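# Structure for the following, please:
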Amino acid sequence: MQAASGSDPSQVDLNFAVRLQCRYCRDKVPNIVEDFSSGDMLCGNCGLVLGDRIIDSRSEWRTFADSEGDDPSRVGDVANPLLDGDQLDTVISRGGVGAASRSLNRTQDQSAGKAGDHTLLQGYKDISALCDSYDIPKTIVVITKQLYKKVFDEKLHRGKNNNAIVAVCILLACRQGDAPRTFKEICALTKVDRKELTRAYKFLKSKLGSNTTTTSSGDLIARFCSNLNLDQGVWRITKLVSEKANNMESILGKSPLSIASACIYLASHLVGDGRDAKTISRISGVGETTIKSTYRILYANRRELLTPDIMDRSPKAREANLADL
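You can find the predicted model right below:
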C-alpha cells in the first residue's frame, strides 16, 4: 500500500489516498484477487500473498436462529434426493386468502415442472397419507418413497394401477424395515384388490430384484401380542412355539397369519392370561374357525412343541398340565 504524497495533507483527494500495489510487480493497474475461501488477498500476476484473514463482505444469508420466522434465508430448502432437477422453483404459499392467491396456486400447479413430476409428487403424497393413517414409522415411509422413485425412474409404472404400485412399495418397505405387514393389511389400508396387489407384487419384485423374504409367523407375533396387551413373557413363549411349529410337517400349507394366531392362542392360555379366538381374530384378521383348526394341530403335537425350555419360562407354564390345555 502506498499513500499519495502532497504538499498540503488537507488537500489530498481521499479517493486516491490509498492505493493497493504488489511490491514485486509494481503495476500501476494492479491485479488484486480476493480469495474468500482461504481468506487471502493475492496478486493475480505473480501470486504473492498481499494480505491474509480478510473479511468476506458479501451478502450472508445463513442464520442460526431457533425461530423459524427469523430465518432470512433466500436460497430455499435443502435439496430433496427424492426429486429430480435443480429444485430452484419458486413455491407460492397456500396460506393466502382470496381469489388471487388461489389463482396463483392453480396456475403454478398447472405450469411448474413436467407432467411426470406431478405424478411423482402425487405418489409421495399418497404414500405419506396412507402411512400416517396406519402409524407406519417414518423410516419405512422414506424407504417406500425410494422404492416408488426407483419404479418411476425405470418406468415400471406404465400401464399399471398407481394405487397398486404404491401398495406394493409399502409392502416391500415394511419388510425391508423389519416391520412386515400382511397382504390383507395392505389391502385394507390401500383399498386395492388382493388379486391386483398380488399381480403387481410379483411383477415389481422380479423387476426390482428385491431381496426381501416372505413374511413368517415370527415376524407378526410381536405386533399381535402388543395389540392384545400381552406381556413379553407370552411373546417369547409364542415365538419359540411358532419356530418349532414351522418345522412340523402336519402344519405345512398353513399361512403365517394362521400359525401366529394359533400360537398366541396356545401360549396365552398356557401362562394363564388367555385370549379367546374372537379377540385374536379381530387383531390378526384370521377367522375364528381357522384359528381353532390350526390350534387343534398344535394341540395334537403339544408334547413335541412344549419342550422343557419353553415350560420353564413361566411359573404358570411349569405348573400347567398339558392335558388340560
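# Point me to the helix or strand that includes I221.
According to DSSP states H and E, I221 maps onto helix 217-227.
# Just the buried positions in that helix, please.
For helix 217-227, burial by neighbour count (16 or more other Cβ atoms under 10 Å) applies to 217-225. In this view, the C-beta of every residue, glycine as well, is placed from N, C-alpha and C.
# How is the nearest residue to T182 once chain neighbours are set aside assigned, secondary-structure-wise?
Among residues not flanking T182 along the chain, L257 sits closest, at 5.9 Å (Cβ to Cβ, 6 or more residues apart in numbering). Here L257 takes the helix state, with states given by DSSP: H, G, I helix; E, B strand; the rest coil.
# got the contact list for L257?
Residues near L257 by Cβ atoms under 8 Å, 6 or more residues apart in numbering: 182, 184, 217, 220, 284-286.
# ok, back up a step: who's in contact with the helix holding I221?
With Cβ under 8 Å, 6+ apart as the test, helix 217-227 has contacts from 178-180, 182, 234-235, 238-239, 242-243, 245-246, 256-257, 259-261, 263-264, 280, 283-284.
# now do stretch 273-282
Under the contact criterion Cβ under 8 Å, 6+ apart, stretch 273-282 has outside partners 224, 228, 230-231, 234, 261, 264-265, 268, 286-288, 291-292, 295.
# Could you check which helix or strand contains Y295?
Using DSSP H and E, Y295 falls within helix 288-300.
# Buried residues of that helix, list them for me.
For helix 288-300, a neighbour-count test (16+ other Cβ under 10 Å) marks 290-291, 294-295, 297-298 as buried.
# could those go into JSON lines alongside distance to D27 and pLDDT?
Listed next are the buried residues of helix 288-300 as JSON lines, based on distance: Cβ to Cβ, whole Å; pLDDT from 0 to 100:
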{"residue": "T290", "distance to D27": "92", "pLDDT": "89"}
{"residue": "I291", "distance to D27": "92", "pLDDT": "89"}
{"residue": "T294", "distance to D27": "93", "pLDDT": "89"}
{"residue": "Y295", "distance to D27": "95", "pLDDT": "89"}
{"residue": "I297", "distance to D27": "96", "pLDDT": "88"}
{"residue": "L298", "distance to D27": "94", "pLDDT": "87"}
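# Could you export the residues you listed to JSON lines, including columns for distance to K155?
Below are the buried residues of helix 288-300 laid out as JSON lines (distance: Cβ to Cβ, whole Å):
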{"residue": "T290", "distance to K155": "41"}
{"residue": "I291", "distance to K155": "43"}
{"residue": "T294", "distance to K155": "43"}
{"residue": "Y295", "distance to K155": "48"}
{"residue": "I297", "distance to K155": "47"}
{"residue": "L298", "distance to K155": "47"}
